[in-house]
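Trainee: structure for the following, please:
(one chain, ligands or ions: 1)
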Amino acid sequence: MLYKKLKGFPEGFLWGASTSAYQVEGAWDEDGKSPSIIDMYEHPKEYADFKTASDHYHRYKEDIELFAEMGLKAYRFSIAWTRILPNGTGEVNPAGIAHYRDVILECRRHAIEPVVTMYHFDLPYCLEEKGGWGNRETIDAFVEYARMLFDNFGSDVTYWLTINEQNTMILHPGAIGLPKGGSLPSKKELYQQNHHLMLAQARVMKLCHEMCPHGKIGPALNLTAMYAQSCHPQDAIAAHNWEVLRCWNFADVPVFGTYHSLAWQYMQDRGIAPDVRPQDCETLAGARPDFIAMNYYSTATIAASRGDASDLSARAGDQQIMLGEQGVYRAAENSFVSKTKYGWVIDPSGFRYTLRKVYERYHLPILVTENGIGAPDVLEDGAVHDDYRIDFMRQHLQAMQLAITDGVRMLGYCPWAALDLVSTHQGYQKRYGFIYVDRDEFDLKKLERIKKDSFFWYKDVIAKNGAYL
Ligand code: BGP
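Mentor: Numbering: from 1, shown residues only. From the prediction side, this is the model:
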């Protein structure tokens, strides 16, 4: 749709940036922290691990000061459960509470809104040993952890994110990490875990509303609209299949309190539907988010399934992610979009399309909690000329402005990432930050912080509240 006049970004728009604890903090076994599943996964030998990462645990003050200089209005970070409750439940670690209290207060001191992810892939390993998310007791453990967070930080945090990318965890478990010597769970086990995560999320959203009168809480999912490869009706059905199974099945449950009917049929037909106890339906129906948080990187293009093994293919540049499902959908190429060096589709119009779809479906304001381009940034004479990142973000912000003009209610934009951090599969060779962290894969150097060109560009965008993009 063409408009005569575009709407501006709303007053109070949360111009932010994101990180997650295990990818940025380091200090993986310090001050009482216990190992998480991430710490215990197999790690590719050729890339940096998470032990030191960007050392944000020790340098958060310097980093938040830089965020303030950039003009950030919000900082989205995650709290490591393993620092708060090293045994998963029970004894609280005062050093963990003190650390995050300080991070939150440091943000507040600089008038930066802390946006807190409660769970970003890093289950305490001790809980994994007891069955992890396959064990219903993990639901109670998560509620106990959440109670601790609301109790300690509820008066200083308004925006809470329950679980990061539950859909990635369930649909592509290998993308998060591979258990040492172990194998990935079956689909049946994964959908049971998914059900437990849904119950944990519902209870925590309800608890947040009870304990934090000003708190706002929502799920953070990886959402993307799907294109049909052609106008063949079977391609349209396949694109719808995958959009439902990948996106709406994960967002409908927290918002509507019930599973998507097509997704439920799919799970039942394949014998992978979870065991749902009578009181579960009440739990799911008894909670509602205040907003939808959404990570957006790419769109996908989908063709009809051929009904055989050729439906499956590895995602370009990422053997950990298998696309396609026999009898459901097949991944196809799209000649109208470009790709990053790592094979991720670049599609700003797809961003607008996805924002429209999410808003139309849920009627809740949207907070973008990730968006960005991974690239092998080069430090040259003390500078990083990441014009490709500026182009990427400018185009996505222009698309967002169109979505705002379309009527989508936006809360903010927190791209990935505030500063360089460990990419799950490509270490420091694939960088996302506005701030360069001077370290190599294995040589930590001085971990000096260097402002990239995108830092200055984003600062200007924020200062003008997105006018003149
Ligand atoms: C999202 C995750 C982030 C981050 C990002 C980039 O799915 O929520 O934690 O890792 O993807 O991914 P990568 O580092 O693999 O390029």
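Trainee: least confident secondary structure element in the chain?
Mentor: strand 318-323 (a mean of 78; mean pLDDT, DSSP states H and E).
Trainee: give me the three-state assignment for Tyr266.
Mentor: Secondary structure assignment for Tyr266 (DSSP: H, G, I helix; E, B strand; the rest coil): helix.
Trainee: ok, it - how many residues close by?
Mentor: 20 (other C-beta atoms under 10 Å). Quick note: C-beta positions are derived from backbone N, CA and C, even for glycine.
Trainee: next one: Phe336
Mentor: For Phe336, using other C-beta under 10 Å, the count is 9.
Trainee: what's the answer for Val345, then?
Mentor: Residue neighbour count, defined by other C-beta under 10 Å, stands at 18 for Val345.
Trainee: my read is that it contacts Thr299, right?
Mentor: Yes: Val345 is within contact range of Thr299, at 5.8 Å (criterion: C-beta atoms under 8 Å).
Trainee: overlap in contacts of the two?
Mentor: Common contacts of Val345 and Thr299 (C-beta atoms under 8 Å, 6 or more residues apart in numbering): Asn334, Val337.
Trainee: name the single longest helix found in this structure.
Mentor: Ranked by residue count under DSSP state H, the longest helix found in the chain is helix 187-211.
Trainee: and that one, what does it pack against?
Mentor: Packing partners of helix 187-211 (3 or more C-beta pairs under 8 Å, 6 or more residues apart in numbering; DSSP states H and E): helix 137-153, strand 159-164, helix 166-171, strand 216-222, helix 249-256, helix 278-285.
Trainee: now it: buried residues?
Mentor: 189-209 (16 or more other C-beta atoms under 10 Å).
Trainee: ok, Asp427 touching Ala48?
Mentor: Slight slip there: residue 427 is Gly, not Asp. Yes: using C-beta under 8 Å, Gly427 makes contact with Ala48 at a distance of 4.0 Å.
Trainee: overlap of the contact sets of those two?
Mentor: With C-beta under 8 Å, 6+ apart as the test, Gly427 and Ala48 both reach Glu441.
Trainee: avg pLDDT for stretch 300-313?
Mentor: The pLDDT scores in stretch 300-313 average 95.
Trainee: distance between it and the chain's centre?
Mentor: Chain-centre distance of stretch 300-313: 26 Å, with C-alpha atoms, centre = their mean, to the nearest Å.
Trainee: quick check: buried residues in it?
Mentor: Those would be Ala300, Thr301, Ile302, Ala303, Ala304, Ser305, Asp311, for stretch 300-313 by 16+ other C-beta under 10 Å.
Trainee: could you do stretch 450-469 as well?
Mentor: Residues of stretch 450-469 classed as buried under the neighbour-count rule (16+ other C-beta under 10 Å) are Ile450, Lys451, Lys452, Asp453, Ser454, Phe455, Trp457, Tyr458, Lys459, Val461, Ile462, Gly466.
Trainee: against the ligand, how distant is the residue lying closest to the third one once chain neighbours are set aside?
Mentor: Meaning Lys452. Distances taken as C-beta to C-beta, 6 or more residues apart in numbering put Val384 closest to Lys452, at 4.0 Å, once the chain neighbours are dropped. Applying C-beta to the nearest ligand atom, to the nearest Å, the value for Val384 to the ligand is 18 Å.
Trainee: in this structure Val384 contacts Val437, no?
Mentor: No: counting by C-beta under 8 Å, Val384 stays clear of Val437, with 10.7 Å between them.
Trainee: tell me the secondary structure of Ala331, please.
Mentor: Classified using three-state DSSP, Ala331 is strand.
Trainee: quickly list what it is bridged to.
Mentor: Under DSSP bridges, the beta-bridge partners of Ala331 are Ile302.
Trainee: how near is the residue in the stretch 301-450 of the chain that the ligand sits nearest to to Ser454?
Mentor: Nearest residue of the stretch 301-450 of the chain to the ligand, counting by C-beta to the nearest ligand atom: Ser423, 3.3 Å away. Going from Ser423 to Ser454 by C-beta to C-beta, to the nearest Å gives 17 Å.
Trainee: in the helix or strand hosting Gln395, which residues are buried?
Mentor: In this assignment (DSSP states H and E), Gln395 forms part of helix 387-406. For helix 387-406, the neighbour count (16+ other C-beta under 10 Å) marks 389-390, 392-404, 406 as buried.
Trainee: re earlier: so which of the helices and strands packed on helix 187-211 comes closest to Tyr75?
Mentor: For Tyr75, the closest of the helices and strands packed on helix 187-211 is strand 159-164, at 10.5 Å, according to C-beta to C-beta.
Trainee: which residues touch that closest one?
Mentor: 14, 20, 74, 76, 78, 113-121, 149, 197, 200-201, 204-205, 208, 212, 215-220, 254, 289, 293, 295, 367, 369.
Trainee: any idea how far whatever residue of the stretch 1-150 of the chain ends up closest to the ligand is from Glu42?
Mentor: Of all residues in the stretch 1-150 of the chain, Ser20 sits closest to the ligand, at 4.9 Å by C-beta to the nearest ligand atom. Distance, Ser20 to Glu42, using C-beta to C-beta: 19 Å.
Trainee: start to end distance for stretch 130-137?
Mentor: Chord length of stretch 130-137, first to last residue, is 9 Å (C-alpha to C-alpha, to the nearest Å).
Trainee: can you check stretch 155-169 too?
Mentor: Stretch 155-169 end-to-end distance (C-alpha to C-alpha) = 30 Å.
Trainee: mind listing what's buried in that stretch?
Mentor: Buried, per 16+ other C-beta under 10 Å, within stretch 155-169: 157-169.
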